[in-house]
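>>> Structure here, sequence nowhere to be found:
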């Protein structure tokens, strides 16, 4: 007995409606604020090793911040430009924020200075909240 193969998802009748809903949600002032703030948080995280002047012994955390910060910023740009196609990865942003919070404590061989710890914890918490907001963006309904 052969099973009938479903057509590609692009032919699903509700797809256009779903994409329009996601785009509408991302074009709200709340959506634009979340996208912009997420971009700024990612840029800050990427440049934080030089702003906070991490010690030479925290090189691993500094490179991690650079990589995670660039990733968050790129995701924010993707959300701003095509949220209907990128919303499915919005759950990654809170995970990156959580990693930012715990990185100074779990990366071996790093000397955790107070400035680095506070910067990572605060920035990570902000990224978590913004990421959760981005994930919930499609739940917002325009009245």
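Thanks, I have it. Model, not experiment: these values are computed from the prediction.
>>> what pLDDT does residue 135 get?
Reading off the per-residue confidence, residue 135 sits at a pLDDT of 81.
>>> which SSE is it in?
The secondary structure element spanning residue 135 is helix 114-136 (assigned by DSSP states H and E).
>>> Can you list the buried residues in that helix?
Of the residues in helix 114-136, those buried by neighbour count under the rule 16 or more other CB atoms under 10 Å are 116-117, 119-121, 123-124, 126-135. (Each C-beta comes from the backbone N, C-alpha and C, glycine too.)
>>> What of stretch 59-66?
With burial defined by 16+ other CB under 10 Å, the residues of stretch 59-66 counted as buried are 61-62, 64-66.
>>> What are the contacting residues of the helix holding residue 135?
Applying CB atoms under 8 Å, 6 or more residues apart in numbering, the external contacts of helix 114-136 come out as 30, 34-35, 37-38, 41-42, 44-45, 48, 51-55, 58, 61, 65, 72, 79, 90-105.
>>> what about the longest helix in this structure?
Here the longest helix in the chain is taken by residue count, with DSSP state H as the criterion, and it is helix 59-86.
>>> just checking, next helix/strand downstream of the helix or strand bottoming out on mean pLDDT in the chain?
One helix or strand of the chain scores below all others by mean pLDDT, DSSP states H and E: helix 15-26, with a mean of 60. Towards the C-terminus, the helix or strand next in line after helix 15-26, according to DSSP H and E, is helix 29-51.
>>> counting contacts, what elements does that next one pack onto?
Using 3 or more CB pairs under 8 Å, 6 or more residues apart in numbering; DSSP states H and E as the contact criterion, the secondary-structure elements in contact with helix 29-51 are helix 15-26, helix 59-86, helix 114-136.
>>> averaging pLDDT over each of these, which comes out lowest?
When the helices and strands packed on helix 29-51 are compared on average pLDDT, helix 15-26 comes out lowest at a mean of 60.
>>> Brilliant, that's me finished.
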